[in-house]
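Output the structure for:
(chains A, B and C)
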Amino acid sequence: MGNVAQCCKDYWCRPKNTNVRISLPAVCVVWQTAMIILFGVFIRYDDESDTHWVEHRKHENLSDIENDFYFRYPSFQDVHVMIFVGFGFLMTFLKRYSFGGVGFNFLIASFGLQWALLMQGWFHALDHTTGKIYIGVENLINADFCVAGCLIAYGALLGKVSPVQLMVITLFGITLFAVEEHIILSLLHCRDAGGSMVIHTFGGYYGLAISWVLYRPNLHQSKRLNGSNYHSDVFAMIGTLYLWMFWPSFNSAITDHGDGQHRAAINTYLALASTVLTTYAVSSLSAHRGKLDMVHIQNATLAGGVAMGTAAEFMIQPYGALIVGFCCGLISTLGYLVFSPFMEKVLKIQDTCGVHNLHAMPGVIGGFVGAIVAAAATEDVYGKEGLINTFDFEGAFANRTVGTQGGFQAAGTCVAIAFGIVGGAAVGIILRLPIWGDPADDNCFDDEVYWELPEDEESLPPILEYNNHMVTKNPDVSESNFSVEQS
Amino acid sequence: MGNVAQCCKDYWCRPKNTNVRISLPAVCVVWQTAMIILFGVFIRYDDESDTHWVEHRKHENLSDIENDFYFRYPSFQDVHVMIFVGFGFLMTFLKRYSFGGVGFNFLIASFGLQWALLMQGWFHALDHTTGKIYIGVENLINADFCVAGCLIAYGALLGKVSPVQLMVITLFGITLFAVEEHIILSLLHCRDAGGSMVIHTFGGYYGLAISWVLYRPNLHQSKRLNGSNYHSDVFAMIGTLYLWMFWPSFNSAITDHGDGQHRAAINTYLALASTVLTTYAVSSLSAHRGKLDMVHIQNATLAGGVAMGTAAEFMIQPYGALIVGFCCGLISTLGYLVFSPFMEKVLKIQDTCGVHNLHAMPGVIGGFVGAIVAAAATEDVYGKEGLINTFDFEGAFANRTVGTQGGFQAAGTCVAIAFGIVGGAAVGIILRLPIWGDPADDNCFDDEVYWELPEDEESLPPILEYNNHMVTKNPDVSESNFSVEQS
Amino acid sequence: MGNVAQCCKDYWCRPKNTNVRISLPAVCVVWQTAMIILFGVFIRYDDESDTHWVEHRKHENLSDIENDFYFRYPSFQDVHVMIFVGFGFLMTFLKRYSFGGVGFNFLIASFGLQWALLMQGWFHALDHTTGKIYIGVENLINADFCVAGCLIAYGALLGKVSPVQLMVITLFGITLFAVEEHIILSLLHCRDAGGSMVIHTFGGYYGLAISWVLYRPNLHQSKRLNGSNYHSDVFAMIGTLYLWMFWPSFNSAITDHGDGQHRAAINTYLALASTVLTTYAVSSLSAHRGKLDMVHIQNATLAGGVAMGTAAEFMIQPYGALIVGFCCGLISTLGYLVFSPFMEKVLKIQDTCGVHNLHAMPGVIGGFVGAIVAAAATEDVYGKEGLINTFDFEGAFANRTVGTQGGFQAAGTCVAIAFGIVGGAAVGIILRLPIWGDPADDNCFDDEVYWELPEDEESLPPILEYNNHMVTKNPDVSESNFSVEQS
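Now for the predicted structure:
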């Protein structure tokens, strides 16, 4: 018995091996093959992307321009940019993890969107007569949304996990997302156009729970690399700005045609503008001589978009959007100043990008703002038809009151939190298996581990020159020095 | 009396204090609060973004796709990218002011667009029955346009002003813009789709006049930082290219549905292509061994878009657009080579980004090109209805001739110049108050002043320190060292 | 006779002179002037961008939103971004050729699109009654496509040619492109929406053939500069991601309204996602400890988009798109690992960006995939009308069978290869004339040759040399220096 325990302990505590030469290719090829097979069995074009559209169109007396493609494709492309450039470049801020930030983001998003088309298809778009899922541009947007949840989780884990672990996180994350989304949107009949609940709350807590399980007590050994430099901060601003600019498209991409998309875009635009001012205010107020901190500017300025995710399509009014943005800028920046250090020290949660301040907390706020605005809706403001359209009070839900809707919206937020925390903890335990090739505590935040790096004169020379110099005087020291650098 | 004078002089000439820890947060929070109150009183959704759209649509027998959102939202997003990434990254070219370039651009644009919605609303969209301003996507585009004027002014002042000053410049700039725009577009009934007059001419002269009042005789003390490095120049190319690519959207964003947007996009596309070739030609011709200068490539290539701002929606014909672009590339590049040094030495105007060459001068050209093309319009070319549509010869202006229109267009350009110079001078005087936290002459173009900078192995200080250190010990060596660095 | 030969030899072998101060401005100004004249003679607005649209629209009973502008402008802007930011930044990966990568791309694309409007207009859009070419947004897209062919060729030549040579390559490249496109699309009546054949196959082989003729046996003398550094790799990722994200717009930009655009976007989106996974797999499998190589990630991930260029608008089905992407990721990455070194050593073709792996080979695959999918089309899957629409079986081609169509598609691919190789070889011979200002073998990949570079402290070596030098003379100083640098 003791032997087995010892054996287990040895197995779990053996030195980290970051060689992913077998595991990463295997996961990529096997999973991609599975996708091909499943797509072959299940996925087909929908009415609007099939060559039969020409007949369908004549039958319905539509113009070509009324194909859903023209309603949603520009928003889709904006969302696509947010996923790959927005999230990707936001994560280049670490001085020596830019490749990993943008590169692994690229990998897991590309896998995730395929798996999301299947998972979301099975839950929302499966035709039970034919057994097929019919996809169009709205499905592509939803797949990108689904991926966003996993990329948020990656933000909490940036620099501390291997690409193989990230693939596992994505596989389970998408699966959990689809179930949670089904419960919130279909069973509870919540409205959540921009995903404050289903994307940001879920994604944030999912990442934080994983990070909590994977807590690294000796992470301070990588402290030298856990920070930015001047140019990596400018790269990260590319990510920030694309997320910020295109968030109106994110929140309006799948809302109702016409006024729904129009209003969601306006509300998000205003909320984000307001967030920027309070973020700069708190950042300046908190520092010596009023100096601004790039971490706040890169992240907290986006909190208003997160928090408008649910209410963007409601009649929150322009000043309502400004108020939401105002509060989120304050709270998110204070989160970076106060709550993040607390979380790391007391709760033992290491959150590299501060996703708690940018996604989880504003997501919860957004969920409850949505609940309140829904509960406060009146036929006077929305119009009879407008109210039905906005909240989809049709079919089984034709008799639901706005008060009840508000209650269900709040419940939806709680479901998202629960799924994030429980799901994340479970996935975290799986990730503790010592087979995934994650880096040692003194080796985090370093692209050297998973990337062939260019020989880079910009960083090394002072030290190398120094070594040269040392060689003549004291070869031993130099060599030890060098070996440390290489490790 | 002498005592008071002395007192005043002391007050004005006391050493610069760049601490903005109270002023910046105060301005941000107070102004944002004011925005919320004013939005609450004045701003509501318009017909096309309100939930009553569904009734409106049925009443007017429209399809959802005929909501203005689908005509303008893609262009809006392109313009939005120009404002935040285009202008923002164009101003990252300074080696140690990239944070300030992109970061302060972000701050003032976010404030400015809110204030612009109000100011432009009061002048152009106020419903006198209800006392409300009803906004839709076209208002968002106009707000972004209005902000562009202030960002152009920032270009002239880059690195020499504090964020608090920038907020003041934006507050007054937006206000002046709205008045000037009202005079030019409503009273003079000019056409100015892409804002050669109202945006670029006004914004350029506004910034130059401020810079003239804030003239710093000892700015050469910051000379070491008033330049680019290799990577900051590449960052700036991101800004250049996004401005260049999306300028067709800028000039067509608020033109007439249908042919108006279509034609404006084509004309701008062609003018910009032509500008690139003459910019490269002059840049190469002016330098030793034909070497190109990044300053010209980053800026002068855009002049064609500025100069097409007024005439883009007219029937200038494709070759006309090419000619405008051809001339602007020449003139703008020559501006950088000849006029900028003259302006700095003789006129005492320090223009960090050369906005005179990129915005003010091409804007004036664009205004007069617009006047000429308008005056030359014929019913033969435009068609009867086309002529009325293009120049909006309706209502009180139904009997205006194209000749008169040309005269008014020219007058509009002069109004824009006047507003820019007088307004800028007045705002400049306000900014000379010693309360705004602007940097000292030897401290300009340095992010260190307003930003927490990462500890950056790549940065200069260690080496400069070393030089300093050497000076005390061995001046000769130090000097030779310095000369090596300069080579 | 011997004297003449000697004379010739001296002339051809004289030392390289990279001074382009006369030639570059002359080419730019003369060619731009020619463009203005030719545009004046030939180019006018089409029905949808002319002020007569209002009459045309009423006559055809159309809504403004049915102007082609609203069908294609968002895709056009995406394509425009791919051309200038996508291709431009992809070519910034070299550590000291970022200016040349993005800057010369900007120059030749701006010239090329004007020349393309003329060349393509003469072949496809010339109205023989009036002798005019009428242009609208679709022509702009096609001009951008045409330019893409030349930019691909530039990829093979990056760092080894002068800007004047690039202008020549573009002039002939666009000309050849228009002829080849006329043969493939009009005479052979092939379908090639995203240009697997006409753009990528032609462009790839055109560049490779030029590179073969311009083979530099001593290119290893520039080896120190033929590589990336950390930040230049991150810049290149901007290019990669914009190409990757907007490729669905590229392949769908000129397909049929409605389902055609919709389906092409979906297929390309899926193919690209699949490519990413196999690229990462092969890259990891090929390296020590599974480390990923940025060259593969930046390039091979795009191969799926290239290969879907022809079949994107066909009913290849979602799983078919995934299979194409899967194979191309494999093949393209293997190309970088195996075929590129072989090509350089044995075939004497130096291909800086590896365009053979990214464009030529996947383009050929795409051409044949298109042929197979076309040949396999059935009325059952496409519907009667759908089949006619998709393959344009109208007029003279009304009786063509899908089998025949498949044969012609395959023939079209061969035409593209032939035009690329023969045309490239011919242009290469012209470029060997010693008058173009190209750099010497030990001077390639260096922006210093054609650009005024900023004094750049980041390129430390000169100073470090000095330190070394100091070490020998005065070790104490050196050590103090070191400690300061480390601080």
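
so what's the closest residue to chain B within the stretch 301-450 of chain A closest to, chain neighbours aside?
Residue nearest to chain B within the stretch 301-450 of chain A: A:G386 (2.9 Å; C-beta to the nearest C-beta). Where you see a C-beta, it was placed from the backbone N, CA and C, and this is true even at glycine. The shortest distance from A:G386 to any non-neighbouring residue, by C-beta to C-beta, 6 or more residues apart in numbering or on different chains, is to B:T51 (2.9 Å).

roughly how far apart are the one you found and A:V179?
Counting by C-beta to C-beta, to the nearest Å, the separation of B:T51 from A:V179 is 31 Å.

tell me, how many neighbours does A:I254 end up with?
Residues near A:I254, counting by other C-beta atoms under 10 Å in any protein chain shown, number 24.

Check A:G403 too.
Number of residues near A:G403 (other C-beta under 10 Å) recorded here: 12.

Verify the contact between it and A:I372 for me.
No - look at A:G403 against A:I372 with C-beta atoms under 8 Å: they stay out of range, at 11.0 Å.

Contact partners for A:S332?
A:S332 makes contacts with A:T275, A:T279, A:N299, A:A300, A:A303, A:N357, A:L358, A:M361, A:P362, as judged by C-beta atoms under 8 Å, 6 or more residues apart in numbering or on different chains.

Next up, the contacts around the last one.
For A:P362, the residues meeting the contact criterion (C-beta under 8 Å, 6+ apart) are A:S196, A:H200, A:A303, A:G304, A:V306, A:A307, A:C328, A:I331, A:S332.

re earlier: the residue of the stretch 301-450 of chain A closest to chain B and chain C: what is the separation?
As judged by C-beta to the nearest C-beta, to the nearest Å, A:G386 and chain C stand 23 Å apart.

ok so that residue is a strand residue?
No - using DSSP: H, G, I helix; E, B strand; the rest coil, the secondary structure at A:G386 is helix, not a strand.

OK, contacts around the residue in the stretch 51-200 of chain A positioned nearest to chain C?
Among residues of the stretch 51-200 of chain A, the one nearest chain C by C-beta to the nearest C-beta turns out to be A:T51. It sits 2.9 Å away. A:T51 is in contact with C:D259, C:R263, C:M315, C:V381, C:Y382, C:G383, C:G386, C:L387, C:N389, C:T390, counting by C-beta under 8 Å, 6+ apart.

which stretch of helix or strand covers the residue nearest to A:G386?
Remark: B:T51 resides in no helix or strand, with elements defined by DSSP states H and E.

in chain A, which spans are strands?
Under the criterion DSSP state E, chain A carries strands at the ranges A:43-45, A:126-127, A:132-135, A:292-293, A:451-452.

Rebuild those strands as JSON lines, extending it with mean neighbour count and distance to chain C.
Conversion of the strands of chain A to JSON lines gives the following (neighbours: other C-beta atoms under 10 Å in any protein chain shown; distance: least, C-beta to the nearest C-beta, whole Å):
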{"stretch": "strand A:43-45", "mean neighbour count": "21", "distance to chain C": "4"}
{"stretch": "strand A:126-127", "mean neighbour count": "14", "distance to chain C": "15"}
{"stretch": "strand A:132-135", "mean neighbour count": "21", "distance to chain C": "7"}
{"stretch": "strand A:292-293", "mean neighbour count": "22", "distance to chain C": "22"}
{"stretch": "strand A:451-452", "mean neighbour count": "20", "distance to chain C": "5"}
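
how about those in JSON lines, adding mean pLDDT?
JSON lines is the format used below for these (pLDDT from 0 to 100):
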{"stretch": "strand A:43-45", "mean pLDDT": "95"}
{"stretch": "strand A:126-127", "mean pLDDT": "90"}
{"stretch": "strand A:132-135", "mean pLDDT": "95"}
{"stretch": "strand A:292-293", "mean pLDDT": "94"}
{"stretch": "strand A:451-452", "mean pLDDT": "93"}
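
Between these, which one is closest to chain B.
strand A:292-293 (4.8 Å).

got the contact list for the residue nearest to A:D46 when sequence neighbours are not counted?
Setting aside the residues directly before and after it, A:D46 is nearest to A:Y134 in space (C-beta to C-beta, 6+ apart), at 3.7 Å. Each residue near A:Y134 by C-beta under 8 Å, 6+ apart is listed here: A:R44, A:Y45, A:D46, A:D47, A:A125, A:D127.

Show me which of the residues you listed is closest to A:S232.
Closest approach to A:S232 among these (C-beta to C-beta): A:A125, at 40.7 Å.

how much space is there between the closest one and A:V147?
Relative to A:V147, A:A125 is positioned 17 Å away (C-beta to C-beta).

More neighbours: those two, which one.
Neighbour tally, A:A125 and A:V147, criterion other C-beta under 10 Å: the higher count belongs to A:V147, 30 against 19.

Touching, that one and A:L117? I think so.
No - here A:V147 does not reach A:L117: they are 10.3 Å apart, not a contact under C-beta under 8 Å.

Quick one: low-confidence residue ranges for the stretch 101-250 of chain A.
Within the stretch 101-250 of chain A, no stretch has pLDDT under 70.

Tell me the residues of it that contact chain B?
Counting by C-beta under 8 Å from any C-beta of the partner chain, the stretch 101-250 of chain A comes close to chain B at A:227-234, A:237-238, A:241-242, A:244-246, A:248-249.

Not counting residues beside it along the chain, what's closest to the spatially most central residue of chain A?
Centroid-nearest residue in chain A: A:I152, 2.5 Å away (criterion: C-alpha atoms, centre = their mean). Setting aside the residues directly before and after it, A:I152 is nearest to A:G203 in space (C-beta to C-beta, 6+ apart), at 3.3 Å.

show me the residues around that neighbour that make contact.
Counting by C-beta under 8 Å, 6+ apart, A:G203 has contacts A:A148, A:G149, A:C150, A:L151, A:I152, A:A153, A:G173, A:F177, A:V355, A:H359, A:G363, A:G420.

burial count for the last one?
Okay, so that is A:G420. Neighbours of A:G420 (other C-beta under 10 Å): 30.
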